[in-house]
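Peer 1: Please work out how this folds:
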Amino acid sequence: MNYKNILVICVFMQWVLTALATGIGFFEEKILEGVSAEVLIMLDSIELSLAQYIFLSMALVAILLLFASSVALCFVKPWARNIYTISYLVSRIS
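Peer 2: All right, here's what the predicted structure looks like:
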């Protein structure tokens, strides 16, 4: 059994499923017909605080590091394991 090929397939499936979940999230409001237009307008007009912007920025950096380290894992780079683990935990917590 070739473990490197299995790792590459798992990393590929992880990002395919992440992209699929993100796409569903973007189009969710069109799927939900019971949500009134007033609620959607109210949600669009809410301003984010500085703490929320920092939190979102941290999550974005963690996701980008997660992507880079998962690609590096496919090429068996020794530094990728630590970065992958840390960025995975930070992205899941956020």
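
Peer 1: Outline the domain layout of the chain.
Peer 2: Annotated domains of the chain cover 1-45, 47-94 [automatic domain parsing].

Peer 1: Lowest average pLDDT across those domains?
Peer 2: Among the domains of the chain, domain 1-45 carries the lowest mean pLDDT, a mean of 77.

Peer 1: returning to that earlier point: packed most tightly, which of the domains of the chain would that be?
Peer 2: domain 47-94 (a mean of 14; mean count of other CB atoms under 10 Å). Where C-beta positions appear, they are placed from N, C-alpha and C, glycine not excepted.

Peer 1: Quick one: residues contacting the most centrally placed residue in the chain.
Peer 2: For the chain, the residue sitting closest to the mean C-alpha position, by CA atoms, centre = their mean, is residue 63 at 5.4 Å. By CB atoms under 8 Å, 6 or more residues apart in numbering, the contact set of residue 63 is 87, 91.

Peer 1: Residue 80 contacts residue 67, correct?
Peer 2: No - using CB atoms under 8 Å, residue 80 makes no contact with residue 67, being 11.3 Å away.

Peer 1: Quick check: which element contains residue 22?
Peer 2: helix 3-26 (DSSP states H and E).

Peer 1: Compute the first-to-last residue distance for stretch 70-81.
Peer 2: With CA to CA, to the nearest Å applied, stretch 70-81 spans 8 Å between its terminal residues.

Peer 1: Which residues outside that stretch are in contact with it?
Peer 2: With contacts defined as CB under 8 Å, 6+ apart, stretch 70-81 is touched by 4, 7-8, 11, 14-15, 69, 83-84.

Peer 1: one more time with 10 Å, if that's ok
Peer 2: Stretch 70-81 has contacts (CB atoms under 10 Å, 6 or more residues apart in numbering) with 4-5, 7-12, 14-15, 68-69, 83-84, 87-88.

Peer 1: So which of these is the closest to residue 56?
Peer 2: residue 87 (15.3 Å; CB to CB).

Peer 1: quick one: the host helix or strand of the closest one to helix 3-26, angle?
Peer 2: Assigned by DSSP H and E, residue 87 belongs to helix 80-93. With axes from the mean of the first three to the mean of the last three CA atoms, to 10 degrees applied, the angle from helix 80-93 to helix 3-26 works out at 20 degrees.
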